[in-house]
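In: Give the three-dimensional model of this entry:
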Amino acid sequence: MLDVRSTFLPVNISSEEAKILGTLPANTTPLDFVMLYVTEELIDITVAKTNRYAEQYIAKNVIPPHSAVNQWQSTEENEIYAFLGLTVLMGIVYEPRMSMYWSSDELYETGIFGKIMTRDRYLLLRVWRVRK
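Out: Numbers count the residues shown, from 1 in each chain. Predicted structure coming up:
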């Protein structure tokens with residue numbers, strides 16, 4: 001059997017000092033750092049591909065009358081930012097089930113989720129983002 005501990009050596013990615021290759025305002029916020037990675041171009045591409053996939057899916061499939069897909073409306077940049085923010089927040093605030101983030105039960109209530117986006121809309125956007 002191969003002993004991974006004796007044969008694996010981590011690669012030295014860079015011996016240079018790490019640098020931020022973007023401009024940051026004087027009073028930076030966590031969002032400023034996120035925006036170095038999540039650019040407007042990336043959001044625009046996400047919006048376009050999400051809308052295109054949804055339109056193609058709806059055109060090619062028979063959608064049952066009770067399906068949330070019948071409520072589909074095209075997304076836009078602000079909604080994708082909100083979707084990503086809620087997704088990141090789910091990594092910080094843990095609930096055992098997805099639906100519990102929108103629960104009004106005192107034990108599970110996390111009010112910010114319902115104020116930002118409805119559960120059904122979040123789940124619908126999530127479906128389009130998960131599929132290829």
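In: For the chain, which residues score under the pLDDT cut-off?
Out: Within the chain, the stretches falling below the threshold (pLDDT under 70) are 1-16, 18, 20, 128-132.
In: So which residues of it form helices?
Out: Listed in chain order, the helices of the chain (DSSP state H) span residues 4-7, 30-34, 40-60, 77-92, 111-116, 119-130.
In: for those, which one ends up most surrounded?
Out: helix 119-130 (a mean of 16; mean count of other CB atoms under 10 Å). Any C-beta I mention is one placed from the backbone N, CA and C, and that applies to glycine too.
In: Quick one: neighbours of the closest residue to residue 69 other than its chain neighbours, just the number.
Out: Closest residue to residue 69 in three dimensions, ignoring its sequence neighbours and counting by CB to CB, 6 or more residues apart in numbering: residue 63, at 4.9 Å. By the other CB atoms under 10 Å criterion, the neighbourhood of residue 63 contains 12 residues.
In: what's the answer for residue 103, then?
Out: When neighbours are counted by other CB under 10 Å, residue 103 registers 16.
In: Quick test: name the residue nearest the centre of the protein.
Out: Most central residue of the chain, judged by C-alpha distance to the mean C-alpha position with CA atoms, centre = their mean, is residue 84 at 3.3 Å.
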